[in-house]
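With the input below, show me the fold.
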Amino acid sequence: MDGVTVIDHPLVQHKLTLMRNKETSTASFRRLLREISTLLCYEVTRNLDLTMIRIETPLQPMDSPVLEGKKLVFASILRAGNGLLEGMLDLVPAARVAHIGLYRDHETLQPVEYYFKAPEDLANRVVIVVDPMLATANSAIAAMDKLKERGARNIRFLCLLAAPEGIERFRTAHPDIPVFTAAIDSHLNEKGYIVPGLGDAGDRMYGTK
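Presented below is the predicted three-dimensional model:
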């Protein structure tokens with residue numbers, strides 16, 4: 001699909017299979033989510049801009065690459081996004097963090113916003129939005145709308161699983177935002193869940209169901 005990158009690294013696919021298994025415990029699910037998010041972070045940051053700086057090694061001076069520009073922003077769509085956020089911060093501990101509080105009304109499947117807090121000057125930062133599932137895409141679209149209202153221009157969306165219906169809706173609403181995912185599943189069921197999926201990521205991560 002145009003604008004969508006499926007991260008098919010063997011370690012990613014292995015860990016995703018373990019997470020899909022309904023017998024996987026809450027503790028194991030949480031650990032796997034943190035591990036897989038680190039692997040996904042490698043891919044979503046692969047083409048960040050670099051600049052050269054002058055340093056001295058123990059042997060001699062040299063020009064060496066570092067990330068260019070202001071610090072990254074990881075934007076977590078609460079609550080399940082925090083599971084991906086933790087592993088990404090292990091890899092990029094200096095990143096700034098935004099929190100976007102949205103929950104899905106189970107009757108209308110529409111997002112309801114209850115919290116938004118982000119660093120200033122989003123226009124000059126790469127913003128990577130994280131949420132385990134891209135299902136109906138309603139929450140993801142609402143999150144992008146909010147970030148763009150605050151000035152964000154360079155945005156990427158990272159998820160574990162995506163449904164074709166969600167990808168189509170998301171790309172129609174925000175064709176400028178690339179999507180990175182570990183898998184594109186078959187379809188959404190009548191309740192808006194990804195099939196075969198892995199269930200509700202937030203409930204499985206926090207043991208609330």
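
In this structure, mark out all the strands, start to finish.
All strands of the chain, identified by DSSP state E, fall at 4-6, 50-56, 61-67, 73-78, 96-104, 111-117, 126-130, 133-134, 154-162, 179-184, 187-188, 194-195.

buried residues in the fifth one?
Burial within strand 96-104, assessed by neighbour count using 16 or more other C-beta atoms under 10 Å, is assigned to 96-102. C-betas here are computed from N, CA, C, even on glycine.

Of those residues, which is the nearest to Asn21?
Of all those, Asn21 sits closest to Leu102, with 27.5 Å by C-beta to C-beta.

picking that back up, let me have the buried residues of strand 96-104 in TSV, extended by pLDDT and distance to Pro10.
Conversion of the buried residues of strand 96-104 to TSV gives the following (pLDDT from 0 to 100; distance: C-beta to C-beta, whole Å):
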residue	pLDDT	distance to Pro10
Arg96	95	32
Val97	96	30
Ala98	95	31
His99	95	32
Ile100	94	32
Gly101	90	35
Leu102	77	33
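
from those residues, which two are the most distant?
Arg96 and Leu102 (19.5 Å).

rewinding a little: export the strands of the chain as TSV, with columns for distance to Ser28.
Formatted as TSV, those follow (distance: least, C-beta to C-beta, whole Å):
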stretch	distance to Ser28
strand 4-6	24
strand 50-56	36
strand 61-67	33
strand 73-78	21
strand 96-104	25
strand 111-117	29
strand 126-130	20
strand 133-134	19
strand 154-162	15
strand 179-184	17
strand 187-188	26
strand 194-195	20
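
burial count for the nearest residue to Asn138 once chain neighbours are set aside?
What sits nearest to Asn138 in space, not counting adjacent residues and going by C-beta to C-beta, 6 or more residues apart in numbering, is Pro111, at 4.9 Å. Using other C-beta atoms under 10 Å, Pro111 has 22 other residues around it.

How about the contacts made by Pro111?
Under the criterion of C-beta atoms under 8 Å, 6 or more residues apart in numbering, the neighbours of Pro111 are 102-105, 138-139, 141-142.

hmm, 10 Å instead?
77, 100-105, 136-143, 145 (C-beta atoms under 10 Å, 6 or more residues apart in numbering).

where's the dip in pLDDT among those?
Of all those, Arg104 has the smallest pLDDT value, namely 68.

Show me the residue sitting in the middle of the chain in space.
Val130 (2.3 Å; C-alpha atoms, centre = their mean).

Pick the most buried one from the strands of the chain.
strand 133-134 (a mean of 28; mean count of other C-beta atoms under 10 Å).

What is that strand packed up against?
Where contact means 3 or more C-beta pairs under 10 Å, 6 or more residues apart in numbering; DSSP states H and E, strand 133-134 is packed against helix 138-149, strand 154-162, helix 164-173, strand 179-184.

one more time with 6 Å, if that's ok
strand 154-162 (3 or more C-beta pairs under 6 Å, 6 or more residues apart in numbering; DSSP states H and E).

Check the buried residues of strand 96-104 against Thr51 and report the nearest one.
Using C-beta to C-beta, the buried residues of strand 96-104 come closest to Thr51 at Arg96, 19.1 Å.
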